[in-house]
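Q: got a structure for you, letters missing:
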Ligand SMILES: Nc1nc2c(ncn2[C@@H]2O[C@H](COP(=O)(O)OP(=O)(O)OP(=O)(O)O)[C@@H](O)[C@H]2O)c(=O)[nH]1
């Protein structure tokens, strides 16, 4: 009798823990699901607005749209405090070093080299003023004329890592001799991203230490004409970094940049830079996240059922009440561990999707439809 009462209590408790999330692990998951489903709701709206076909789809992908819903993917969801930054510019300009300065830790390999050190887009994150700052470092892919398979793949990876779009594009330019080659690279990047993306673009000059104390404004008076023209285009949307800086100097420049990013985002009505292509990518990512999360959930349920069955059998064989309680505690511990493990995997689902070859193939498939990969960020 006692045993039957105990067994039913076990089942009741574990059922309650599934439904209401009465431990931290389940709570996280409930939130995740809620978020995922609400995003799925957004996806439906997006699907309605982008239900083009054939050539229309191609044009839609090329022409970015304003968000059509109050919680469109281009809007910064008030719950989403993330700031996504992407570093673009010529090889050797100091993108990786800048990424490390922004994150306040060495995430991206950076060094003096005649050839590109960064071979593939990489993502790092840190926290600033309670906001998650995500930085994506890129190889010199946006300043090239070559539409080869590797470049397309890296552009696809960059889209996956910054989806549903970056809040700011940091165009990294080293101070010093501005060669015609560097000028061409800058022009190429500006051309690739087009007018609309420029509202999200910030000029980030590296090698401030080379100024050796000279004020940046004084440097500008003597700077090449092309740099001054660039400054005219961007107004006060610029920052100067010494990537060799440490301590308070590093923190100050990081602060200056992120405050500027916040201002840029506010000027863009809280929206990140996005377009139809990004929205399709985000929709796909959300679908994949749900699939992964459901798979983990199903796996968890199987494991929990197995654990319960094993313990129930064990407990049934026991006479001693204390022993039964011990086994019950052990079972609960195991169930809680499994749930926490599942919750952690579910939280990591986005990261998993971003790094799957499937999402890259999906984006590369979209590129084929678009055919003009190098116009996809433009107006
Ligand atoms: N003195 C000085 N050197 C810098 C600064 N920023 C970058 N560098 C150096 O410039 C070189 C190139 O920097 P990276 O960060 O690797 O440049 P990158 O644009 O990421 O280059 P790839 O990864 O090859 O595309 C490295 O030797 C850096 O240490 C800076 O502010 N001051």
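A: That came through fine. Only a predicted model underlies this, so the values are computations on that prediction, with no experimental measurement involved.

Q: where do the helices of the stretch 101-250 of the chain begin and end?
A: 149-162, 180-198, 216-222, 225-234, 247-267 (DSSP state H, counting those that start in this stretch).

Q: for the ligand, find the nearest of these.
A: Of all the helices of the stretch 101-250 of the chain, helix 247-267 sits nearest to the ligand, with 9.7 Å by CB to the nearest ligand atom. (Each C-beta comes from the backbone N, C-alpha and C, glycine too.)

Q: could you find the closest non-adjacent residue to the closest residue to the ligand within the stretch 151-300 of the chain?
A: Relative to the ligand, the nearest point of the stretch 151-300 of the chain is residue 243 (3.5 Å; CB to the nearest ligand atom). Leaving aside its sequence neighbours, residue 243 sits nearest to residue 97 (CB to CB, 6 or more residues apart in numbering; 3.8 Å).

Q: hmm, back to that, the residue of the stretch 151-300 of the chain closest to the ligand: what's it in contact with?
A: Counting by CB atoms under 8 Å, 6 or more residues apart in numbering, residue 243 touches 94, 97-98, 100-101, 110, 206-207.

Q: remind me which residues of this structure are low pLDDT?
A: Applying pLDDT under 70 to the chain flags the ranges 1-80, 112-116, 118, 143-147, 370-379.

Q: other SSEs contacting the top helix by length along it?
A: Ordering each helix of the chain by length in residues (DSSP state H) puts helix 276-317 first. For helix 276-317, the packing partners by 3 or more CB pairs under 8 Å, 6 or more residues apart in numbering; DSSP states H and E come out as helix 2-20, helix 24-49, helix 54-62, helix 149-162, helix 321-347, helix 349-354, helix 357-370.

Q: go again with 6 Å.
A: The contact analysis (3 or more CB pairs under 6 Å, 6 or more residues apart in numbering; DSSP states H and E) places helix 276-317 against helix 24-49, helix 54-62, helix 321-347, helix 349-354.

Q: rewinding a little: can you list the helices of the stretch 101-250 of the chain in a markdown table and add mean neighbour count and distance to residue 301?
A: Shown next, in a markdown table, are these (neighbours: other CB atoms under 10 Å; distance: least, CB to CB, whole Å):
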| stretch | mean neighbour count | distance to residue 301 |
| --- | --- | --- |
| helix 149-162 | 21 | 30 |
| helix 180-198 | 17 | 45 |
| helix 216-222 | 11 | 60 |
| helix 225-234 | 13 | 54 |
| helix 247-267 | 15 | 41 |
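
Q: can you tell which of these is closest to residue 83?
A: Closest to residue 83 of the helices of the stretch 101-250 of the chain is helix 247-267 (CB to CB; 5.9 Å).
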